[in-house]
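**Q** Build me a model:
(one chain, ligands or ions: 2)
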Amino acid sequence: MHAFSLLAPAKINLYLEIIGDRADGFHELVMVLQAISLCDRVDVRAGSTERIHVSCDTPGMPPETENLAYKAAQLMCEQFPAAHAQFGGVEIAIAKEIPVAAGLAGGSANAAATLVGIDHLWQLGLTVPELQELAAQLGSDVPFCIAGGTALATGRGECLSAIGSPDPLSVVLAKSRVLSVSTAWAYKTHRQQFSSTYVTRPEDIETRATQVHSGPLVRAIAHRDNKQIGNLLRNDLERVVLPEHTLVAQLRSAFLEQRVLGAMMSGSGPTVFALCESPDRAEEVMQAVRARIDNPTVDFWIAQLSGAGVQILD
Ligand SMILES: C[C@@](CO)(OP(=O)(O)O)[C@H](O)COP(=O)(O)OP(=O)(O)OC[C@H]1O[C@@H](n2ccc(N)nc2=O)[C@H](O)[C@@H]1O
Ligand SMILES: Nc1ncnc2c1ncn2[C@@H]1O[C@H](COP(=O)(O)OP(=O)(O)O)[C@@H](O)[C@H]1O
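**A** Numbers count the residues shown, from 1 in each chain. Ligands and ions are numbered 1, 2, ... in the order given. From the prediction side, this is the model:
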């Protein structure tokens with residue numbers, strides 16, 4: 001085959017606790033990451049020349065060589081020069097459904113799909129852990145995007161362990177088109193304001209990760225206790241983003257007024273999500289929040305929690 005089409009799912013964070021600083025300048029995290037059914041489509045095909053080419057149907061994307069999919073292809077060319085020489089360059093076409101810079105890991109998902117697509121195109125037969133190791137060189141969230149589903153993520157987000165999966169609950173997403181939050185800014189501001197609470201001893205970091213792994217949220221997920229899952233959502237970055245961006249805080253409150261299972265900002269935002277028991281309930285909640293917020297810059301989506309990662313389409 002000279003071409004593969006892949007689905008690249010977005011993620012939400014059900015849990016994001018900032019534990020401390022890392023020597024590499026990043027933050028030590030404990031997260032529960034959850035794939036959702038909102039997907040980009042990534043087409044990867046053999047190129048007619050040696051070069052990498054990335055096209056995308058969405059305006060406002062970074063220059064081609066800054067695209068995370070380009071960086072993923074470049075990494076594969078560097079790591080597998082013989083396959084690159086044998087099969088030539090790659091052409092990548094991205095059809096975006098996942099909003100850009102939303103806290104939903106759209107770019108990371110595109111990079112993960114590119115790694116999987118090139119693995120197939122060049123018949124490398126890489127394992128999931130091998131793909132995840134390459135993915136970690138591209139960004140903290142990229143390893144998760146390879147296999148998706150539900151996972152506990154530690155380190156800077158790249159160390160993954162499997163946990164149970166929740167019911168395929170419905171999720172309403174809301175994001176303003178005019179708001180953007182820099183991930184680097186969010187973490188830096190958190191450090192400036194809250195580093196006095198950071199844990200520094202490696203054994204304490206380990207203990208905290210273990211506590212979350214065997215703790216209430218992971219148990220609620222394993223028992224499919226939807227009410228508890230909603231109650232136990234946590235995102236430490238809300239402490240810096242909500243005071244700065246009142247619309248994010250308003251969306252979160254408007255969802256909670258609808259008595260959803262739970263509502264929270266995803267990642268560094270600005271997307272806010274709400275968990276609902278069914279697609280009908282999600283539709284009802286979306287209509288009510290849209291009317292309540294009455295802001296034409298806010299877009300809404302309905303999706304489902306998903307057990308999938310990057311998928312190759314037939
Ligand atoms: C906040 C989260 C939560 O899932 O997601 P998004 O909001 O980006 O979707 C992630 O931690 C983002 O992951 P990702 O978007 O892959 O981040 P990276 O490119 O690796 O890092 C972007 C910047 O965020 C900061 N960063 C990221 C991860 C981490 N553990 N500590 C950090 O301090 C660093 O300043 C880094 O330069
Ligand atoms: N393929 C891509 N899709 C989306 N954004 C990308 C992509 N490649 C690079 N980016 C850049 O990555 C940044 C983060 O975007 P994205 O991955 O969508 O969100 P987030 O990191 O908030 O989850 C954006 O500012 C965008 O310029």
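**Q** Near residue 181, how many other residues are there?
**A** Look at residue 181: counted by other CB atoms under 10 Å, it has 21 neighbours. No exception for glycine: its C-beta is placed from N, CA and C like everyone else's.
**Q** Report the contact partners of residue 166.
**A** Neighbouring residues of residue 166 by CB atoms under 8 Å, 6 or more residues apart in numbering: 34, 150, 221, 224, 226, 229, 305.
**Q** how about TSV for these, with distance to residue 246 added?
**A** TSV is the format used below for the contacts of residue 166 (distance: CB to CB, whole Å):
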residue	distance to residue 246
34	26
150	31
221	31
224	35
226	29
229	27
305	28
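**Q** Please identify which of the residues you listed is nearest to ligand 1.
**A** Nearest to ligand 1 among the contacts of residue 166: residue 34, at 10.4 Å, using CB to the nearest ligand atom.
**Q** so which strand or helix has that closest one?
**A** Element membership for residue 34, per DSSP states H and E: strand 27-46.
**Q** and the next element down the chain from that strand?
**A** Using DSSP H and E, the helix or strand that directly follows strand 27-46 along the chain is strand 52-56.
**Q** Show me what from the stretch 51-200 of the chain comes close to ligand 2.
**A** Applying CB under 6 Å from any ligand atom, one finds that the stretch 51-200 of the chain approaches ligand 2 through 62, 66-69, 94, 100-108, 110, 183.
**Q** List, out of those residues, those positioned next to ligand 1.
**A** Filtering these for neighbours of ligand 1 using CB under 6 Å from any ligand atom leaves 103, 105, 108, 183.
**Q** distance of residue 79 from residue 168?
**A** Counting by CB to CB, to the nearest Å, the gap from residue 79 to residue 168 is 35 Å.
**Q** per-residue pLDDT, residue 212?
**A** pLDDT, residue 212: 91.
**Q** Which residue is the nearest non-sequential neighbour of it?
**A** residue 30 (4.6 Å; CB to CB, 6 or more residues apart in numbering).
**Q** And residue 17, by the same measure?
**A** residue 30 (4.7 Å).
**Q** for residue 218, same thing?
**A** In space, and not counting its chain neighbours, residue 218 is closest to residue 163: 5.1 Å by CB to CB, 6+ apart.
**Q** Surely the one you found touches residue 223?
**A** No - judged on CB atoms under 8 Å, residue 163 makes no contact with residue 223 at a distance of 11.7 Å.
**Q** thinking again about what came up before, close enough to count as contact, the residue nearest to residue 17 and residue 155?
**A** No - judged on CB under 8 Å, residue 30 makes no contact with residue 155 at a distance of 9.4 Å.
**Q** Those two: which is more packed in?
**A** A count of neighbours by other CB under 10 Å puts residue 30 above the other of residue 30 and residue 155, at 24 against 19.
**Q** In contact with that one, which residues?
**A** Residue 30 makes contact with 15, 17, 19, 152, 153, 154, 208, 209, 212 under the criterion CB under 8 Å, 6+ apart.
**Q** of these, closest to residue 198?
**A** Nearest to residue 198 out of those is residue 19 (CB to CB; 7.0 Å).
**Q** how about the helices in the stretch 1-150 of the chain?
**A** Assigned by DSSP state H, counting those that start in this stretch, the helices in the stretch 1-150 of the chain fall at 68-79, 81-87, 106-121, 128-136, 142-147.
**Q** Adding mean pLDDT, write those out as JSON lines.
**A** Compiled in JSON lines, the helices of the stretch 1-150 of the chain are given as follows (pLDDT from 0 to 100):
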{"stretch": "helix 68-79", "mean pLDDT": "98"}
{"stretch": "helix 81-87", "mean pLDDT": "96"}
{"stretch": "helix 106-121", "mean pLDDT": "98"}
{"stretch": "helix 128-136", "mean pLDDT": "98"}
{"stretch": "helix 142-147", "mean pLDDT": "98"}
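**Q** quick one: which of those helices is nearest residue 293?
**A** helix 106-121 (22.7 Å).
**Q** how far does stretch 73-89 stretch from start to finish?
**A** 9 Å (CA to CA, to the nearest Å).
**Q** Check the burial of the residue of the stretch 1-150 of the chain found nearest ligand 2 by counting its neighbours.
**A** Proximity of the stretch 1-150 of the chain to ligand 2 (CB to the nearest ligand atom) peaks at residue 107, 2.8 Å away. Other residues within reach of residue 107, judged by other CB under 10 Å, total 28.
**Q** Let me see the contact set for it.
**A** Shown in contact with residue 107 (CB under 8 Å, 6+ apart): 67, 68, 69, 100, 139.
**Q** And for residue 262?
**A** Residues counted as contacts of residue 262 (CB under 8 Å, 6+ apart) are 229, 230, 231, 232, 233, 274, 275.
**Q** Cross those against helices and list the overlap.
**A** Per DSSP state H, helices hold the following members of those: 229, 230, 231.
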